[in-house]
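**Q** Here's my sequence, what's the structure:
(one chain, ligands or ions: 2)
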Amino acid sequence: MAHQPYTGGCACGAVRYTTPHAPIFQNHCQCRDCQRRSGTGHGSWLTFADSADMAITGEAAHWEVAADNGNMKRHAFCPVCGTPVYLRFANAPQFIAVPAASLDEPRRFEPQALTFRVRGLPWDSIDPALQAFERMPTA
Ligand SMILES: [Zn+2]
Ligand SMILES: [Zn+2]
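**A** Ligands and ions are numbered 1, 2, ... in the order given. Next up, the predicted model:
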C-alpha cells in the first residue's frame with residue numbers, strides 16, 4: 001500500500017506515535033465517555049488493527065473506564081500536557097485508536113460512520129450522510 005505513515009502526538013510533543021498502516025475504521029463517537037473527555041459533543045477517532053506495529057515514543061500515562069457497552073477502555077494521555085494520544089480496548093488488544101486532531105495532518109481523517117448516535121446531543125450535529133449506529137457495531 002502506498003500511503004504515508006500516520007503520525008501524530010500530544011500538544012506538547014512529549015508523546016508521539018507513528019504507524020505504517022492505514023486505519024480500518026474512522027468515526028465520530030457520541031458516547032458519554034467521548035463527550036466527557038472531549039468536553040464537547042463527540043470524539044473523533046481513527047482505529048488501526050495492528051496495535052503492535054504502532055511505534056510510540058515518550059511515556060504516556062493511563063486511565064481506564066468502562067465503555068457504554070461495558071468493555072474496558074484504556075486511555076493514554078500525555079502526563080505533561082494532558083492531551084489524549086491513544087486508546088486501547090481490553091477485549092480487543094489488536095486495536096489502537098487515536099484522536100483525529102492528534103494527527104500531524106488532521107485533514108487525513110475521513111469519517112465513515114457515527115457511533116453511539118443514541119447519546120447524541122441536540123446541539124452536536126454530525127454529517128447526516130455518514131453511516132450511523134445507535135451504539136458501537138461489533139468488530
Ligand atoms: Zn504532551
Ligand atoms: Zn465514544
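**Q** helix/strand/coil for C34?
**A** helix (DSSP: H, G, I helix; E, B strand; the rest coil).
**Q** For the protein, just list every one of the strands.
**A** Ranges of strands in the chain, per DSSP state E, are 6-9, 16-19, 25-29, 43-48, 55-57, 61-66, 72-77, 84-89, 92-99, 113-115, 131-132.
**Q** Adjacent strands (with direction) for the shortest one?
**A** Listed by DSSP bridges, the sheet partners of strand 131-132 and their directions read strand 113-115 (parallel).
**Q** what about the strand it pairs with, near ligand 2?
**A** No: using CB under 5 Å from the ion, strand 113-115 never reaches ligand 2; the gap is at least 6.5 Å. Yep, even glycine has a C-beta here, placed from its N, CA and C like the rest.
**Q** Tell me the buried residues in that strand?
**A** Buried residues in strand 113-115, counted by 16 or more other CB atoms under 10 Å: 113-115.
**Q** Check those residues against ligand 2 and report the nearest one.
**A** If you rank the buried residues of strand 113-115 by distance to ligand 2 using CB to the ion, T115 comes first, at 6.5 Å.
**Q** who are the neighbours in contact with the closest one?
**A** 27-31, 133, 135-137 (CB atoms under 8 Å, 6 or more residues apart in numbering).
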